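Asker: Got a sequence here, can you model it:
(2 chains)
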Amino acid sequence: MATNAEAIEQGHAPESAHTALAHQFDNLEQQREAGTLGMWVFIAQEVMFFGGLFLAYLIYRMKYPDAFMAASNHLNWTIGTFNTAVLITSSLTMALAVWATQAGRAPKVQVAFMLATVLLGLTFLSVKAYEYHEKYTDGLIPVAGWFNPNREILSHIPANVTLGQYQMFFWLYFAMTGLHALHMIVGVGIITPIIFWAWRGRYTPEYHAPVENFGLYWHFVDIIWIFLFPLLYLLGAHFGKH
Amino acid sequence: MSVHIVPRKIYFSVFAALLVLTGTTVFAATIPFGRMNDVVAMTIAVTKMMLVLLFFMHVRYSSRLIWVIVASMFFWLLILLLLTLTDYSSRSWFGPTVIT
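Answerer: Residues are numbered from 1 along each chain as shown, chains lettered A, B, ... in the order given. The predicted structure follows:
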């Protein structure tokens, strides 16, 4: 079979040309492999991006272990566990959306799995917004002028912990979960046109690279949360009730 | 096309394992193990990550080239974390005046 490039060279439309095939690729398989490779390089870059924050967490955690335990104890691990389950479920529905395109299922099946993913993602973000609001009312927003923990919280801070160390935990909490939430918001933005194209029947077993690559992104965001959850929420679970 | 279609059964098994591991990590965190709490929590997190990477993200079925990218991703992350920690963990050797 003549490749796409050869066919174009000979001046006629390639026999196996798919409307999604870009001219620089020989065939869809080569295009797909290049796309997947690019996506993984992007994810490797994202790991370094989040890695800096994990490093900051690690250093302050080693320096002020008592402060981090006490501050972590203020986070609601029940809500955190619920959100972890929600995010894992959204990863499952996304994996099933990729499966639906690979197996050539009807557009409405593909769309249903992707819509489920979006709804679970929005559930996660709503719970996160509720938690952020709770931190706001408790005076735990770690920026100048806003960080003003109420008396009840102050009474639970151990004697060897300064307020600044306590604030640093919340700075890292907001930076890490905030960047994570931002990735989810971006994800919801990216999947919206993919859902539109899935509805139009664009994705088939031959061509479904956007769905697959979006799946990689979504699972990556899930992995970040898999680490954030124990490091932020569960750190102080055995420290005592708040 | 040589796309490997992962059976749905595997996705559901991985999903169930992830939920069980989430429950395990929450339960383990309520028991005071001292420093071992971190080791337990991180072991479970790494296991969960491997499940997502290998099956949901299809790394198990991907080409060697993808394996190289994934391996180098971890390698670079280790450079970032470990080499920086060599600095922070040795600062106290030189007395309080060096630490800022």
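Asker: Kindly state the pLDDT recorded for the residue nearest to B:I44 when sequence neighbours are not counted?
Answerer: In space, B:I44 comes closest to B:T25 once its chain neighbours are excluded; the distance is 4.4 Å by C-beta to C-beta, 6 or more residues apart in numbering or on different chains. Heads up, the C-betas are built off the backbone N, CA and C, glycines and all. Turning to B:T25, the model gives it a pLDDT of 95.
Asker: name the element B:T25 belongs to?
Answerer: helix B:8-29 (DSSP states H and E).
Asker: Give me the helices and strands touching the following helix or strand past that helix, please.
Answerer: Later in the chain than helix B:8-29, the nearest helix or strand by DSSP H and E is helix B:36-51. With contacts taken as 3 or more C-beta pairs under 8 Å, 6 or more residues apart in numbering or on different chains; DSSP states H and E, helix B:36-51 sits against helix A:209-228, helix B:8-29.
Asker: Quick check: next helix or strand after helix B:36-51?
Answerer: Remark: after helix B:36-51, the chain's next helix or strand is helix B:64-78, criterion DSSP H and E.
Asker: What residues of that following helix count as buried?
Answerer: Across helix B:64-78, burial judged by 16 or more other C-beta atoms under 10 Å in any protein chain shown covers B:66, B:69-70, B:73, B:77.
Asker: out of the helices and strands packed on helix B:36-51, deepest packed?
Answerer: Highest mean neighbour count of those: helix A:209-228, a mean of 22 (counted as mean count of other C-beta atoms under 10 Å in any protein chain shown).
Asker: what packs against it?
Answerer: Helix A:209-228 packs on helix A:28-63, helix A:77-102, helix A:107-137, helix A:163-199, helix B:36-51, going by 3+ C-beta pairs under 8 Å, 6+ apart.
Asker: Give me the angle between it and helix A:28-63.
Answerer: On the basis of axes from the mean of the first three to the mean of the last three C-alpha atoms, to 10 degrees, helix A:209-228 is oriented at 10 degrees to helix A:28-63.
Asker: Stretch A:154-168 near chain B at all?
Answerer: No: using C-beta under 8 Å from any C-beta of the partner chain, stretch A:154-168 stays clear of chain B, coming no nearer than 14.8 Å.
Asker: which secondary element of chain B has the worst mean pLDDT?
Answerer: Ranking every helix and strand in chain B by mean pLDDT, DSSP states H and E puts helix B:84-90 at the bottom, with a mean of 91.
Asker: about what we covered before: can you give the contact residues for the helix holding B:T25?
Answerer: A:77, A:81, A:84-85, A:88-89, A:91-92, A:95-96, A:99, A:229-230, A:234-235, A:237-238, B:37, B:40-41, B:44-45, B:47-48, B:51-52, B:55-56 (C-beta atoms under 8 Å, 6 or more residues apart in numbering or on different chains).
Asker: Same list (the helices and strands packed on helix B:36-51) but as TSV, adding distance to A:M62.
Answerer: Listed next are those as TSV, based on distance: least, C-beta to C-beta, whole Å:
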stretch	distance to A:M62
helix A:209-228	17
helix B:8-29	19
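Asker: Out of those helices, which is closest to A:M114?
Answerer: For the helices and strands packed on helix B:36-51, the distance to A:M114 is smallest for helix A:209-228, at 7.8 Å, taking C-beta to C-beta.
Asker: Figure out how far the closest one is from the centre of its chain.
Answerer: 6 Å (C-alpha atoms, centre = their mean, to the nearest Å).
Asker: Model confidence score at the spatially most central residue of chain B, please.
Answerer: Residue closest to the average C-alpha location in chain B (C-alpha atoms, centre = their mean): B:V46, at 3.1 Å. Looking at B:V46, its pLDDT reads 97.
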